[in-house]
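*Asks:* after the sequence you'll find the predicted model.
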Amino acid sequence: MKAVEIKPGIYWVGAIDWAVRDFHGYVTPRGTTYNNYLIIDDEITLLDTVKYDFADITIKNIKSVVEPSRIKNIIINHIENDHATSIDRIMDFTTDATLYITE
């Protein structure tokens with residue numbers, strides 16, 4: 001799936017995992033989504049990343065909206081595989097971004 005503009009300047013840039021059947025204790029017979037969002041504003045911000053195996057998809061989605069090197073802020077809401085495990089891959093493209101994450 002490609003990036004989806006959900007509001008002006010706000011894009012879903014996540015990925016769909018069609019194979020997962022149990023997600024956080026929920027039965028998911030049709031898979032699940034790994035949701036992260038790109039906000040285009042004075043400073044471009046990425047909210048969350050995706051599960052590591054889906055990093056290439058989210059990077060492609062980001063690139064379809066903006067050059068990743070223009071991202072200035074990355075916010076990780078919490079540490080779980082589906083939110084944070086591709087942060088290293090994302091940071092390869094966003095070397096000047098500030099990472100906001102709790103201890």
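*Replies:* It's in. Numbering: from 1, shown residues only.

*Asks:* any weak-confidence spans in the protein?
*Replies:* 82-83 (pLDDT under 70).

*Asks:* helices along that one, start to end?
*Replies:* For the chain, applying DSSP state H gives helices covering 55-63, 81-84, 87-93.

*Asks:* using a markdown table, lay out these together with distance to Asp42 and mean neighbour count.
*Replies:* Just so you know, the C-beta spots here come from the backbone N, C-alpha and C atoms, and that holds for glycine as well. Listed next are the helices of the chain as a markdown table, based on distance: least, CB to CB, whole Å; neighbours: other CB atoms under 10 Å:
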| stretch | distance to Asp42 | mean neighbour count |
| --- | --- | --- |
| helix 55-63 | 18 | 19 |
| helix 81-84 | 25 | 18 |
| helix 87-93 | 20 | 16 |
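
*Asks:* out of the ones you listed, nearest to Asn36?
*Replies:* helix 55-63 (6.1 Å; CB to CB).

*Asks:* who does Ile10 form a beta bridge with?
*Replies:* Lys7, Ile39 (DSSP bridges).

*Asks:* I'd say it and Ile44 touch.
*Replies:* No - if you go by CB atoms under 8 Å, Ile10 and Ile44 don't touch, sitting 11.2 Å apart.

*Asks:* what ranges does this structure have for its strands?
*Replies:* Secondary structure of the chain (DSSP state E): strands located at 4-7, 10-12, 15-17, 22-23, 26-27, 32-34, 37-39, 44-47, 71-75, 98-100.
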